[in-house]
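Engineer: Give me a 3D structure for the following:
(one chain, ligands or ions: 1)
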Amino acid sequence: MSAHQQTAASPFIRACRNEPVPHTPVWFMRQAGRSLPEYLKLREGIPMLESCTRPELVTEITLQPVRRHRVDAAIYYSDIVVPLKAIGLDLDIKPGVGPVVADPIRTRQDLARLRDLEPTDVGYVTEAVGLLTAELGATPLIGFAGAPFTLASYLVEGGPSRNHERTKALMYGDPELWRDLLDRLADITAAFLKVQIEAGASAVQVFDSWVGALSPADYRRFVMPSSAKVFDAVAGYGVPRIHFGVGTGELLGLMGEAGADVVGVDWRVPLDEAARRVGPGKALQGNLDPAVLFAPTAAVEAKTREVLDAAAAAGTGHVFNLGHGVLPSTDPDALSRLVEFVHRTTRAA
Ligand code: CP3
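Structural biologist: Next up, the predicted model:
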């Protein structure tokens, strides 16, 4: 039986498809490789991007949160810049900072450095996904990639950015170059997702983390065509496609329209309101504020109930998650308790 068939009846896949579930499935963005002491120990002395090229290490780090928290899905341990590194761009991930690009992409000549991604560029991904799906059995593995806009923001700025000023300068100043840049990135992202799906990933998430910096009109004009190209490219596999960004309350409808089956929502919009914005037929993922996990257990449970009640009112498939990634100093036990609480509460419902 293929990995896709083995996981089809799992609560996570069923929720993504708006099918009835025995309990609300839970996983956490950035569950792999953050606060866990067993992760920090494994990573000692190994740079982030190097760790992503070692299949045994990737497998172990991906499995750690599944064992510890009993989450309903694994997320493949990697980073959004891995495919860009794999096509030869000179970039690194600086601890506590994020991705840093040696020579930013800002001109038409620079575009030539963005060649296509071939499956052989990331053979370690194919190998690690194979090892993982064998270990995971009926638990789904989520593959992922960065969306063209968010990747472009790192490439154009040269690193993390608060205001994305150089990115917007290029977008508004040279719309043709911008379109071609995002189109190149869409091909790379799609190729990277295909590698993961063909190796056995049961679902994929496209992270457009920073696209909330745009208005709906600009999203539609400058971003949606390339993101839609990514979703179209993997539509034929039939695996659920999740689309996530931060601060995207005004973009939720368009992000669904771009081709997602599941729309990820941050903590700023309640899920019943998100369902109205996204429209019928799509499932939702989210949306507990990750900072809530620093409050006492009773408060965490009260805020979690609000999320579950809003999801019930939304009446769509619901994958419980945080509204953004696990914060690095989060107590791992608070995450384990949260998984248990969501399972217990929704099983009884
Ligand atoms: O979700 C998971 O558990 C899987 C692993 C994962 C990583 N990065 C590992 C990682 C995933 C899904 C990502 C995605 C990612 N990377 C995004 C989108 C998700 C989001 O949070 O919005 C973005 C924007 C990046 C770029 C990036 N890489 C950032 C902002 C950082 C953090 C920098 C820091 O140290 O605060 C990274 C580094 C990174 N990616 C780490 C890990 C485990 C930490 C690096 C280390 O341990 O040295």
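Engineer: Get me the contact residues on this structure for the ligand.
Structural biologist: 29-34, 48, 75, 77-80, 93, 95-99, 144, 207, 209, 325 (CB under 6 Å from any ligand atom). All C-beta atoms are positioned from the backbone trio N, CA, C, and that covers glycine.
Engineer: which among the residues you listed end up buried?
Structural biologist: 29-34, 48, 75, 77-80, 93, 99, 144, 207, 209, 325 (16 or more other CB atoms under 10 Å).
Engineer: how many other residues sit next to the closest residue in space to Ala314 that isn't next to it in sequence?
Structural biologist: Using CB to CB, 6 or more residues apart in numbering and skipping the chain neighbours, the partner closest in space to Ala314 is Ala275 (3.7 Å). Ala275 has 24 neighbours, counted by other CB atoms under 10 Å.
Engineer: what residues are up against Ala275?
Structural biologist: 284, 314-316 (CB atoms under 8 Å, 6 or more residues apart in numbering).
Engineer: so it, which of the three states?
Structural biologist: helix (DSSP: H, G, I helix; E, B strand; the rest coil).
Engineer: Please tell me how far it sits from the ligand.
Structural biologist: Look at Ala275 and the ligand: by CB to the nearest ligand atom, to the nearest Å, they are 22 Å apart.
Engineer: Quick one, grab the pLDDT at that residue.
Structural biologist: The per-residue pLDDT reported for Ala275 equals 98.
Engineer: Show me where the stretch 151-300 of the chain has its strands.
Structural biologist: Listed in chain order, the strands of the stretch 151-300 of the chain (DSSP state E, counting those that start in this stretch) span 203-207, 241-244, 262-264, 283-288.
Engineer: who touches the residue of the stretch 51-200 of the chain found nearest the ligand in this structure?
Structural biologist: Proximity of the stretch 51-200 of the chain to the ligand (CB to the nearest ligand atom) peaks at Gly98, 3.6 Å away. Contact analysis of Gly98 by CB under 8 Å, 6+ apart lists 154, 159-160.
Engineer: Now with 10 Å, please.
Structural biologist: 48, 79-81, 154, 159-161 (CB atoms under 10 Å, 6 or more residues apart in numbering).
Engineer: again, but for Arg30
Structural biologist: Contacts of Arg30 (CB under 10 Å, 6+ apart): 65, 75, 290, 322, 324-328, 330.
Engineer: secondary structure class for it?
Structural biologist: Three-state call for Arg30 (three-state DSSP): coil.
Engineer: can you check the one 4 residues further on too?
Structural biologist: Reduced to three states with three-state DSSP, the structure at Arg34 is coil.
Engineer: Just name the shakiest helix or strand of the chain by mean pLDDT.
Structural biologist: Here the helix or strand of the chain ranked lowest by mean pLDDT, DSSP states H and E is helix 3-7, holding a mean of 90.
Engineer: buried stuff in the longest helix along the chain?
Structural biologist: Scanning the chain for the helix with the most residues, using DSSP state H, yields helix 175-199. Neighbour-count burial for helix 175-199 flags 177-178, 181-182, 184-197, 199 (criterion: 16+ other CB under 10 Å).
Engineer: and Pro22, how many neighbours does it have?
Structural biologist: 10.
Engineer: give the contact list for it.
Structural biologist: 11, 14, 343, 346-347.
Engineer: Let me know the closest of these to Glu306.
Structural biologist: Set against Glu306, the nearest of the contacts of Pro22 by CB to CB is Thr346 (13.8 Å).
Engineer: Arg276: how many residues sit nearby?
Structural biologist: Neighbour number of Arg276 under other CB under 10 Å is 14.
Engineer: With Gly256 instead?
Structural biologist: 21.
Engineer: cool, and Thr126?
Structural biologist: 16.
Engineer: State the helix or strand in which it lies.
Structural biologist: Taking DSSP states H and E as the criterion, Thr126 maps to helix 123-136.
Engineer: tell me the angle of that helix relative to helix 175-199?
Structural biologist: If you take axes from the mean of the first three to the mean of the last three CA atoms, to 10 degrees, helix 123-136 sits at 40 degrees to helix 175-199.
Engineer: Output the contacting helices and strands for helix 123-136.
Structural biologist: helix 3-7, helix 55-69, strand 74-75, helix 82-86, strand 141-146, helix 175-199 (3 or more CB pairs under 10 Å, 6 or more residues apart in numbering; DSSP states H and E).
Engineer: can you put the ones you listed in JSON lines and add distance to Thr304?
Structural biologist: As requested, those are exported to JSON lines (distance: least, CB to CB, whole Å):
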{"stretch": "helix 3-7", "distance to Thr304": "25"}
{"stretch": "helix 55-69", "distance to Thr304": "14"}
{"stretch": "strand 74-75", "distance to Thr304": "20"}
{"stretch": "helix 82-86", "distance to Thr304": "32"}
{"stretch": "strand 141-146", "distance to Thr304": "21"}
{"stretch": "helix 175-199", "distance to Thr304": "30"}
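Engineer: List the contacts of the residue nearest to Met171 when sequence neighbours are not counted.
Structural biologist: With sequence-adjacent residues excluded and distances taken as CB to CB, 6+ apart, Met171 is closest to Trp178, at 4.7 Å. The contact partners of Trp178, by CB under 10 Å, 6+ apart, come to 149, 152, 156, 167-172, 222-223, 226.
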